[in-house]
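Visitor: Need coordinates for the following:
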Amino acid sequence: MSDIILGQHPNLKKQFVDRRIKDLAERKMIADLLMTKTSVDALSVKFFKDADADANGRYAYEEVPEVGEGSGFKRIGISEKAQLALIRKYGLEAAISYEQQRFGASSYFERVFNKLANSVSNMVNAMTYDRILNDANINKRTKTGTGTDLYWSDLTASQSAKGQTTKGAIAIRSDLTTAQVEAAKFGYVLDTMVVSPATFGIISNNSDASPEYINQDLKQLAGYRGNFLGLDLFVDETFADKDVLLVQRGAIGDIADAVPLSTSQYNQDEDMTTVVRALRFTESYVTDPKGIYLLKNIIA
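Guide: Below you'll find the model as predicted:
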């Protein structure tokens, strides 16, 4: 590109950079799907966990009595436990030299934007997984690989109600059904599953256990692979190979933004570079741990 002023490249226009990085990042921001998005005007957020449960720790239903004409209704309260979460500051910068702006290909800018977007979304996803997986009250089970509790990768021939299959395919269906039943005991309906690429490969290679149809509302998300047994399946390359995360999305907690995903840029004349920054001030917290089921050790 002939004579160009530092920072004035067409691909560095503020509106273009902001929209492009947001488009790339939002497609991979699984955290925003799992949690309910909210905003706060502070560097901390006070949230409430539902402490209203029956003797077995299950969701407590109140009696709803029939009332007569002109009668009042029974009034209930909600038992909650207050907690505090601190907003985390995540951000990353990339420097684009004057030489790249004047002589480089447009594809270079796309690679820079993609790396910024992927890195920030990965950091937010990892933070959210950490909050979910480290909550002591979530439903979880570790497979043994013995007896009838077989690994998902077991390709030994077997027979099911659907005909010839593998023991691994039977284990997949059995484990996911068990998870849905366990969550239902607490009043939750699991609808989302997060796995690693390796685990997705195991599911796909078991022809009796492959995704069944596409949810059109979710297909624009980068990791979405289809629906299986009523669960929308997402693949995240950073998720553990031996674990499967199942949740009722939007019901297990919040992701609170003090500053939502945004971008900015500035010139550094001393080294003739333009710096592009992507940042997000956010925090995730779990309010309903029984809407989560973690299955561990699915392969040997």
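
Visitor: May I see the buried residues of whichever strand or helix holds V276?
Guide: Using DSSP states H and E, V276 falls within strand 273-286. For strand 273-286, the neighbour count (16 or more other CB atoms under 10 Å) marks 273-274, 276-286 as buried. No exception for glycine: its C-beta is placed from N, CA and C like everyone else's.

Visitor: now the next helix or strand after that strand, how far from the centre of its chain.
Guide: Counting by DSSP H and E, the element after strand 273-286 in chain order, helix or strand, is strand 292-296. Chain-centre distance of strand 292-296: 14 Å, with CA atoms, centre = their mean, to the nearest Å.

Visitor: what's strand 292-296 packed up against?
Guide: On a contact count with 3 or more CB pairs under 8 Å, 6 or more residues apart in numbering; DSSP states H and E, strand 292-296 meets strand 139-142, helix 167-184, strand 243-247.

Visitor: give me the low-pLDDT residue ranges for the stretch 51-200 of the chain?
Guide: Along the stretch 51-200 of the chain, segments meeting pLDDT under 70 span 51-61, 75-82, 161-162.

Visitor: now the strands: where do they sit in it?
Guide: Using DSSP state E, counting those that start in this stretch, the strands of the stretch 51-200 of the chain run over residues 80-86, 88-97, 139-142, 157-160, 163-166, 192-195.

Visitor: The third one: which residues count as buried?
Guide: Along strand 139-142, these residues count as buried under the neighbour rule (16+ other CB under 10 Å): N139, K140.

Visitor: what's the answer for the fifth one, then?
Guide: Residues of strand 163-166 classed as buried: T165, T166 (neighbour count, 16+ other CB under 10 Å).

Visitor: Can you give the strand pairings for that strand, parallel or anti for each?
Guide: As defined by DSSP bridges, the strand partners of strand 163-166 come to strand 157-160 (antiparallel).

Visitor: Dump the partner strand to CSV, restricted to CA.
Guide: The C-alpha coordinates for strand 157-160 follow below in CSV (Å, rounded to 0.1, in the frame of the first residue of the first chain):
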residue,chain,number,x,y,z
ALA,A,157,-19.2,-55.6,20.1
SER,A,158,-22.4,-55.7,22.0
GLN,A,159,-26.2,-55.7,21.5
SER,A,160,-28.7,-53.0,22.5
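
Visitor: Run the chain-centre distance for it.
Guide: With CA atoms, centre = their mean, you get 34 Å for strand 157-160.

Visitor: got it, and stretch 171-178?
Guide: Here stretch 171-178 is found 21 Å from its chain centre; the criterion is CA atoms, centre = their mean.

Visitor: thinking again about what came up before, tell me the strands beside the strand holding V276, with direction?
Guide: Using DSSP bridges, strand 273-286 pairs in its sheet with strand 88-97 (antiparallel), strand 253-268 (antiparallel).

Visitor: Turn those strands into a markdown table, columns for distance to I4 and mean neighbour count.
Guide: Below are the strands paired with strand 273-286 laid out as a markdown table (distance: least, CB to CB, whole Å; neighbours: other CB atoms under 10 Å):
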| stretch | distance to I4 | mean neighbour count |
| --- | --- | --- |
| strand 88-97 | 12 | 16 |
| strand 253-268 | 12 | 18 |
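
Visitor: ok, the closest residue to M193 other than its chain neighbours to A184 distance?
Guide: Nearest non-adjacent residue to M193, counting by CB to CB, 6 or more residues apart in numbering: L231, 4.3 Å away. Distance, L231 to A184, using CB to CB, to the nearest Å: 13 Å.
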